[in-house]
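*Asks:* Need the 3D shape of this:
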Amino acid sequence: MAFSKTETKRYEKQVAAFVEKRRPPEHIRDQVDIAFRIKGQSVEIFEIRPSFFKPKVKMEEAVAKATYVRTQGIWKVFWQRRDLKWHTYEPSPRLRTLKKFLDLVDEDALCCFWG
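*Replies:* Reported below is the predicted structural model:
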């Protein structure tokens, strides 16, 4: 089940503030930028860059994902490895709030999210 409209607005506001804080200066955003999407029960954060082979084509590179499990009241945390699959972020696989997820991604203690 997707988020309610109220939940979606609340989560959009939290993630938008996080992304805005991490975005690069405006004059280079055509070369690299950060965005997010809310899809179903998940929040995905990603970078947007020109394709290496076709610079006019933009591509997305995953940064982090959190999926809300309503029955447990937790957020499952994922990162994308070289195989382009989402893997559980083992140091903190489950968190209670979206804010804790955003703090975890911002800190990136193991360099799994931002490299």
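*Asks:* Distance check, the most centrally placed residue in the chain against residue 72.
*Replies:* When Cα atoms, centre = their mean is applied to the chain, the residue found nearest the centroid is residue 45 (2.1 Å). Distance, residue 45 to residue 72, by Cβ to Cβ, to the nearest Å: 22 Å. Using the backbone N, CA and C atoms, a C-beta is placed for each residue, glycine as well.
*Asks:* what about the longest helix in this protein?
*Replies:* Counting by DSSP state H, the longest helix found in the chain is helix 5-22.
*Asks:* pLDDT on that helix, on average?
*Replies:* For helix 5-22, mean pLDDT rounds to 98.
*Asks:* Repeat that for stretch 68-79.
*Replies:* Stretch 68-79 comes out with an average pLDDT of 98.
*Asks:* which residues make contact with it from outside it?
*Replies:* 1, 3, 41-42, 62, 64-67, 86-89, 92-98, 100-101, 104, 112-113 (Cβ atoms under 8 Å, 6 or more residues apart in numbering).
*Asks:* Which strand runs longest in this structure?
*Replies:* strand 58-69 (DSSP state E).
*Asks:* Model confidence for residue 1, exactly?
*Replies:* 69.
*Asks:* partners of whichever strand or helix holds residue 78 in the sheet?
*Replies:* Following DSSP states H and E, one finds residue 78 within strand 74-80. Counting by DSSP bridges, the strands paired with strand 74-80 are strand 58-69 (antiparallel), strand 86-88 (antiparallel), strand 94-95 (antiparallel).
*Asks:* what comes up buried for the helix or strand following the longest helix of the chain?
*Replies:* Per DSSP H and E, the first helix or strand lying C-terminal to helix 5-22 is strand 33-39. The neighbour-count criterion (16 or more other Cβ atoms under 10 Å) identifies 33, 34, 36 as the buried residues of strand 33-39.
*Asks:* how about whichever helix or strand comes after strand 33-39: buried residues?
*Replies:* The element immediately downstream of strand 33-39 (helix or strand, assigned by DSSP H and E) is strand 42-50. Buried residues in strand 42-50, defined by neighbour count with 16+ other Cβ under 10 Å: 42, 43, 44, 45, 46, 47.
*Asks:* Since that was my last question, I'll sign off now.
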